[in-house]
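Novice: Following is a predicted model, sequence given first.
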Amino acid sequence: MPFDIREPKNIQEFKDLEKLQMDIWQEDVFEPGETLFIIHKNGGVVLSAYDPKLHDSKPIGFVFGLLGREPTGELKHASHMLGILAAYRDKKLGEALKWAQRERILAQGLKRMTWTYDPLESRNAYLNLHKLGAVCRRYYVNLYGDMGGINQGLPSDRFEVDWHVSSHRVEAKQQGIYQDTDVKAACLNPNQNLKPCEKPLSLSEVRHLIEIPMNFQAIKQQDRALASAWRFQIRELFQKAFAQGYQASDLIQDKARQKSFYLIEAI
């Protein structure tokens with residue numbers, strides 16, 4: 001499905017993103033339209049997506065970020081929010097928004113973009129690591145504190161991914177060149193995948209697989225205790241893995257068994 005992705009044209013189109021945020025996350029507005037407008041006017045990137053088949057010109061998705069700086073002084077683009085209405089998910093709109101965002105920051109002379117996401121959200125992981133070519137080496141515990149809406153009731157743990165937007169890896173992804181990895185071929189010990197509440201394995205191989213739910217939102221709605229077990233088990237393992245020099249480099253989906261696996265590799 002083709003989408004119209006562009007910068008908002010006026011203050012009302014920036015304010016339209018307020019209702020969109022409430023519809024997506026089922027809670028109060030995170031970022032007021034006026035704030036998004038100021039970010040846009042001062043070198044940030046704000047992009048809205050529209051369905052050309054609709055006549056009301058209301059946004060169905062958006063992405064935005066602003067100029068950031070690492071402690072080392074390195075400039076980067078800090079992408080803060082990507083959201084899409086439920087009816088338009090799994091239609092490659094998130095991917096299209098990120099590639100459009102990449103074009104804008106490359107034009108600004110930046111070579112790196114970072115953003116955060118919940119490491120237990122398989123759909124987001126697949127987009128960020130597999131489709132876009134980002135990698136992750138940072139885990140933040142309860143980064144945003146207590147949250148409401150679809151995020152209510154669990155610590156807001158987050159991955160922070162690095163997207164090296166001019167790298168060969170990312171350029172290949174942009175051209176649609178993917179290295180799909182079979183689950184059994186991805187790891188020397190493919191049967192040693194963790195389940196919630198099991199004792200974490202020792203990290204002794206170059207590559208490991210770490211299982212996460214295919215649909216974490218469904219687990220949160222049906223069994224909050226199980227969702228909590230996933231959160232704390234994944235937290236423990238990834239903190240250990242990143243401290244030992246591993247990075248999350250891909251998300252592998254085994255659709256036949258309805259399972260998702262992070263591929264982590266020693267750097």
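Specialist: Perfect, I can see it now.
Novice: Assign the most far-flung residue of the chain relative to its centre to helix, strand or coil.
Specialist: Relative to the centre of the chain, and counting by CA atoms, centre = their mean, the farthest-placed residue is His55 at 30.1 Å. In terms of secondary structure, His55 is coil; the call rests on DSSP: H, G, I helix; E, B strand; the rest coil.
Novice: got the residue ranges for the helices in this structure?
Specialist: 11-25, 33-41, 93-107, 122-125, 168-174, 216-222, 224-243 (DSSP state H).
Novice: same for the second one, what does it pack against?
Specialist: Helices and strands touching helix 33-41, as assessed by 3 or more CB pairs under 8 Å, 6 or more residues apart in numbering; DSSP states H and E, comprise helix 11-25, strand 45-50, strand 61-69. Heads up, the C-betas are built off the backbone N, CA and C, glycines and all.
Novice: One more pass at 10 Å, please.
Specialist: In terms of contacts (3 or more CB pairs under 10 Å, 6 or more residues apart in numbering; DSSP states H and E), helix 33-41 is packed against helix 11-25, strand 45-50, strand 61-69, strand 75-84.
Novice: Out of those, which one sits most buried?
Specialist: Among the helices and strands packed on helix 33-41, ranked by average contacts under mean count of other CB atoms under 10 Å, first place goes to strand 45-50 (a mean of 23).
Novice: Report the mean per-residue pLDDT for that strand.
Specialist: For strand 45-50, the mean per-residue pLDDT is 98.
Novice: same deal with stretch 18-34?
Specialist: Looking at stretch 18-34 alone, the average pLDDT works out to 89.
Novice: Partner strands of the helix or strand of the chain with the lowest mean pLDDT, with direction?
Specialist: None of the helices or strands of the chain scores lower by mean pLDDT, DSSP states H and E than strand 207-212, at a mean of 86. In the sheet containing strand 207-212, the strands it pairs with under DSSP bridges are strand 259-266 (antiparallel).
Novice: tell me the angle the partner strand makes with helix 224-243.
Specialist: On the basis of axes from the mean of the first three to the mean of the last three CA atoms, to 10 degrees, strand 259-266 is oriented at 20 degrees to helix 224-243.
Novice: in strand 259-266, what counts as buried?
Specialist: 259-265 (16 or more other CB atoms under 10 Å).
Novice: ok, Asp16 touching Ala49?
Specialist: No: taking CB atoms under 10 Å as the contact criterion, Asp16 and Ala49 are not neighbours in contact, 11.7 Å apart.
Novice: closest one to His208 among the helices of the chain?
Specialist: Among the helices of the chain, helix 224-243 comes nearest to His208, with 7.5 Å by CB to CB.
Novice: Alpha carbons of the closest one, in PDB - could you do that?
Specialist: Written as PDB, here are the backbone C-alpha positions of helix 224-243 (Å, rounded to 0.1, in the frame of the first residue of the first chain):
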ATOM      1  CA  ARG A 224       0.500 -10.500  34.000                       C
ATOM      2  CA  ALA A 225       2.600 -12.800  36.100                       C
ATOM      3  CA  LEU A 226       4.000 -14.500  33.000                       C
ATOM      4  CA  ALA A 227       4.700 -11.100  31.400                       C
ATOM      5  CA  SER A 228       6.600 -10.000  34.500                       C
ATOM      6  CA  ALA A 229       8.600 -13.200  34.400                       C
ATOM      7  CA  TRP A 230       9.600 -12.500  30.800                       C
ATOM      8  CA  ARG A 231      10.600  -8.900  31.700                       C
ATOM      9  CA  PHE A 232      12.900  -9.900  34.600                       C
ATOM     10  CA  GLN A 233      14.400 -12.900  32.900                       C
ATOM     11  CA  ILE A 234      15.300 -11.000  29.700                       C
ATOM     12  CA  ARG A 235      16.600  -8.100  31.800                       C
ATOM     13  CA  GLU A 236      19.100 -10.400  33.600                       C
ATOM     14  CA  LEU A 237      20.300 -12.100  30.500                       C
ATOM     15  CA  PHE A 238      20.800  -9.100  28.300                       C
ATOM     16  CA  GLN A 239      22.600  -7.100  31.000                       C
ATOM     17  CA  LYS A 240      25.000 -10.000  31.400                       C
ATOM     18  CA  ALA A 241      25.400 -10.400  27.600                       C
ATOM     19  CA  PHE A 242      26.100  -6.800  26.900                       C
ATOM     20  CA  ALA A 243      28.500  -6.600  29.900                       C
END
